[in-house]
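K.L.:
sequence below, structure please.
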Amino acid sequence: MRVMLRATMDTEKANELIRKGKLPQLMQETMDRLKPEAAYFTTHEGSRACYMVFDLQDSSQIPVIAEPFFMSLGAKFEIAPVMNAEDLHKGLSQLG
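P.N.:
Numbers count the residues shown, from 1 in each chain. Purely as a prediction, here's the structure:
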């Protein structure tokens with residue numbers, strides 16, 4: 001299932017990882033594991049944030065994906081199912 005991850009990072013914890021040069025490594029390891037079709041880095045409500053869209057094979061993957069964000073970044077973490085335009089068209093075509 002295609003999902004979108006949003007991780008909003010604690011500023012102090014992210015600053016610490018940046019000072020240690022470890023934030024790029026954490027993001028690269030995450031992208032290597034998830035192989036996202038898209039990844040964006042921005043801000044959300046005044047904090048650093050990343051968005052990744054990827055295929056979640058099984059819900060048992062969630063702890064493996066989420067825990068590095070919680071433990072290393074004190075992040076707020078969300079995963080939600082999403083559709084691209086083709087998925088939306090397919091779904092709407094199935095309506096009455």
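
K.L.:
quick check: longest strand in the chain by residues?
P.N.:
strand 47-55 (DSSP state E).

K.L.:
how far off centre is that strand?
P.N.:
The chain centre lies 3 Å from the centre of strand 47-55; the measure is C-alpha atoms, centre = their mean, to the nearest Å.

K.L.:
can you tell me the closest non-neighbouring residue to residue 52?
P.N.:
Using C-beta to C-beta, 6 or more residues apart in numbering and skipping the chain neighbours, the partner closest in space to residue 52 is residue 36 (4.1 Å). Yep, even glycine has a C-beta here, placed from its N, CA and C like the rest.

K.L.:
phi, psi of the one you found?
P.N.:
phi -70, psi 150 (degrees, to the nearest 10).

K.L.:
list the contacts for it?
P.N.:
52-54 (C-beta atoms under 8 Å, 6 or more residues apart in numbering).

K.L.:
mind putting the residues you listed in a markdown table, pLDDT included?
P.N.:
Below are the contacts of residue 36 laid out as a markdown table (pLDDT from 0 to 100):
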| residue | pLDDT |
| --- | --- |
| 52 | 98 |
| 53 | 98 |
| 54 | 98 |
